[in-house]
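**Q** sequence first, then the predicted structure:
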Amino acid sequence: MPQPARRVGTAIVGLGGAVATTAVAGLELLRLGAVGADGLPLAGVTVGGRSLEEATGLAGYDDLVVGGWDLDASDLYKAAEQHGVLDARQLQQAEPLLSGITPWPAAGDADFCRNVTGGNVVLAEGRRAQVDAVRADLRRFREEQQLDGLVLLNLASTERWPDPAAACLQTPEAFEAGLDADDRAITPSMVYAYAAIVEGVGYANFTPSLSADVPALVQLAERHAVPIAGKDGKTGQTMMKTVLAPAFRSRALTVEGWYSANILGNRDGLALDDPASLESKLQTKGKVLDSILGYPVEDHVVRIDYYRPRGDQKEAWDAIDLIGFLGQRMQIKVDFQCRDSILAAPLAVEIVRLVDLAQQRGEGGVQRHLGWFFKAPITADGSTPEHALHRQESVLMDWLTSGADRTGSDADPASR
């Protein structure tokens, strides 16, 4: 028998951003039948001839209910219009929904994200007061929308990293004391992560910000049996690296150097125009190759430049220098002209559905099987994560089918 629909709340940090507004509009356009499911990697996946939703209890796209925070108080229609990701017809079709959603005041701190500011801020002094405000928002959202599940998704602009070795980030008890002392090693994204965990709300970090990837919050998530996932969505250039690098290793082609350059002109790019925020991004992009190849690529260069005229139309160039048989050199050039939010939004939607499913299964702590979605997957013990895309996909599909209804042919692997 099909299970009754569940109402799953999606509380988004950065609700007025390009990725979030694209995701919200996309869900509405799907509901209206105005678009297909292109770009949604779990749409159409079956287990034993049944949809993932039917076989595993995964929430449907129609089951997601959206709310969240942003430093800009503009409704989502105005925000989406400004970002320019949707075409005019799509914007018009989604307007009734988008114009009715206004972000809640956000917990921000300009010291951690200097280039993206706004006046829609929560009136709370200190980190503990910010936590209390976020917790109150989550409770209200759950009650008003009569939610069966709730996931907090971080789509905010990139923060600069604090010192990961700061004392207040090492244990839950130290973190609690840090909140009370207003310790500035605790970032705004950590405020949201902590609030989610103590409220029993699943948490996913799509940004490069350190957020829940500190011992204190990993331990807290384990104690509360709350699923957490992150960090930094793997959408464009890094996704291509995690496809190509395993092939080079398989064919024993030595990567002598890999030069990567990116230009983008959206709000994410503006945030990364600040050197401190850019350093956070480079932390997550830079470690992928060495892990996959099994040796350090000394000449691995990554550049990200804000170039306003491009808006959301990101361009990523890669110049790859290889050494093959007899020491002969070869080159590969990749020019990925992509739409940043069009790649990111559907992944964000799928992450919410999967974190909710983990919550349904009672699986708290770090969700390693969600590493497929991230450049720098969190690991509970700080070990090196798997980065190769095909291996990550296999781990995810195994996890999905492990919880499927195993009657008759439904023990079959997931298939596309």
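**A** Perfect, I can see it now. Numbering: from 1, shown residues only.
**Q** thought residue 106 was touching residue 113?
**A** No - the criterion here is C-beta atoms under 8 Å, and residue 106 misses it with residue 113 at 10.9 Å. All C-beta atoms are positioned from the backbone trio N, CA, C, and that covers glycine.
**Q** quick one: least confident helix or strand in the protein?
**A** Lowest by mean pLDDT, DSSP states H and E among the helices and strands of the chain is helix 275-285, with a mean of 60.
**Q** next SSE after it?
**A** Per DSSP states H and E, helix 275-285 leads on to helix 288-293 as the next helix or strand towards the C-terminus.
**Q** quick revisit: joint contacts of residue 106 and residue 113?
**A** Counting by C-beta atoms under 8 Å, 6 or more residues apart in numbering, the contacts common to residue 106 and residue 113 are 156, 188.
**Q** residues of stretch 219-234 that come out buried?
**A** 219-222, 224, 226-234 (16 or more other C-beta atoms under 10 Å).
**Q** er, stretch 342-356 I mean
**A** 342-356.
**Q** mind listing which of those residues are in strands?
**A** Using DSSP state E, no member of the buried residues of stretch 342-356 falls in strands.
**Q** tell me the one of those residues nearest residue 42?
**A** Proximity of the buried residues of stretch 342-356 to residue 42 was ranked by C-beta to C-beta; the top entry is residue 350 with 5.2 Å.
**Q** from residue 58, how far off is the closest one?
**A** Noted for residue 350: a distance of 9 Å to residue 58, by C-beta to C-beta, to the nearest Å.
**Q** please enumerate the shared neighbours of these two.
**A** Common neighbours of residue 350 and residue 58 (C-beta under 8 Å, 6+ apart) are residue 42.
**Q** longest helix anywhere in the chain?
**A** Longest helix of the chain, by residue count under DSSP state H: helix 340-361.
**Q** can I get that helix in CSV, CA atoms only?
**A** Backbone C-alpha positions of helix 340-361 (Å, rounded to 0.1, in the frame of the first residue of the first chain) are rendered in CSV as follows:
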residue,chain,number,x,y,z
ASP,A,340,25.7,27.8,-11.3
SER,A,341,22.3,27.7,-9.7
ILE,A,342,20.8,25.4,-12.3
LEU,A,343,23.4,22.8,-11.3
ALA,A,344,23.2,23.5,-7.5
ALA,A,345,19.4,23.8,-6.9
PRO,A,346,18.4,20.2,-7.8
LEU,A,347,21.2,18.8,-5.7
ALA,A,348,20.1,20.9,-2.7
VAL,A,349,16.5,19.5,-3.1
GLU,A,350,17.8,15.9,-3.2
ILE,A,351,19.9,16.4,-0.1
VAL,A,352,16.9,17.6,1.8
ARG,A,353,14.9,14.5,0.8
LEU,A,354,17.8,12.2,1.8
VAL,A,355,18.5,13.9,5.2
ASP,A,356,14.8,13.5,6.0
LEU,A,357,15.0,9.8,5.0
ALA,A,358,18.0,9.3,7.3
GLN,A,359,15.9,11.0,10.1
GLN,A,360,13.0,8.6,9.4
ARG,A,361,15.4,5.7,9.7
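**Q** which helices and strands does that helix pack with?
**A** Contact analysis of helix 340-361 by 3 or more C-beta pairs under 8 Å, 6 or more residues apart in numbering; DSSP states H and E lists strand 8-13, helix 18-32, strand 64-69, strand 149-154, strand 202-205, strand 227-230 as its packing neighbours.
**Q** of all these, which lies closest to residue 312?
**A** Distance to residue 312, taken as C-beta to C-beta, is lowest for helix 18-32 among those, at 5.5 Å.
**Q** could you give me the average pLDDT of whichever helix or strand comes after that closest one?
**A** Remark: after helix 18-32, the chain's next helix or strand is strand 46-47, criterion DSSP H and E. Mean pLDDT, strand 46-47: 92.
**Q** next secondary structure after strand 46-47?
**A** Heading C-terminal from strand 46-47, the first helix or strand you meet, by DSSP H and E, is strand 50-51.
**Q** quick one: mean pLDDT for that next one?
**A** pLDDT averaged over strand 50-51 gives 94.
**Q** okay, now the sheet partners of that strand, with direction.
**A** strand 46-47 (antiparallel) (DSSP bridges).
**Q** off-centre distance for the partner strand?
**A** Strand 46-47 has its C-alpha centroid displaced from the chain centroid by 25 Å (C-alpha atoms, centre = their mean, to the nearest Å).
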